[in-house]
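# Have a look; sequence and predicted model below, questions after that.
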Amino acid sequence: MKELNDDELQKLLDNSLNQANLPVAQEQQNEWQAYQLVFEALKQEPVKGLPYNFSAGVMRRVKAQTERAQSRGLYGLLALLVMFSTILTFVMLYYARTPLASQLAYAISPYKWAIVFAALGLIAVQYLDWKLVKEKQVG
């Protein structure tokens, strides 16, 4: 028996030959049957088409994701700016050696861990809110 490659099998299927009079090697029987199933499935029309507003829905989702990514980037930039300016203020007060700097450091030092945990908590809440809203909008 002759071994056929994929192109030859496709040509035979296009010509609507059946398996009974086909000179196919025994090892290729499974491939032949798989090709027949694919061709039969492709002959059938889809059961249901896409709705008329499908492209509008896709574009709406793409626009929402783009806007969300841009706003996330802007909020991240704003957060970095606030952190940088706060650190810069403390560094400037430290090197200025003014009484205000020592008073400010003395006033904040008992609450430093509360401030750190509050900032981390705020970041965690914002992240979780973003994740939950994203999952709710996508799902």
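In hand now; what should we look at?

# which secondary element of this structure has the worst mean pLDDT?
Counting by mean pLDDT, DSSP states H and E, the weakest-scoring helix or strand in the chain turns out to be helix 6-14, with a mean of 69.

# Distance from the chain centre to the following helix or strand past that helix, please.
Counting by DSSP states H and E, the element after helix 6-14 in chain order, helix or strand, is helix 29-43. For helix 29-43, the separation from the chain centroid amounts to 35 Å (computed by CA atoms, centre = their mean, to the nearest Å).

# So which other helices or strands are in contact with helix 29-43?
Contact partners of helix 29-43 among helices and strands, from 3 or more CB pairs under 8 Å, 6 or more residues apart in numbering; DSSP states H and E: helix 6-14. C-beta here means a position set from N, CA and C on the backbone, and glycine is covered the same way.

# now the longest helix along the chain: how far from the chain's centre is it?
When the chain is parsed with DSSP state H, its longest helix is helix 54-96. On the basis of CA atoms, centre = their mean, helix 54-96 sits 19 Å off its chain's mean C-alpha point.

# ditto for stretch 124-132
From the chain centre to the centre of stretch 124-132 is a distance of 16 Å (CA atoms, centre = their mean).

# And the contacts of that stretch?
For stretch 124-132, the external contacting residues (CB atoms under 8 Å, 6 or more residues apart in numbering) are 72, 75.
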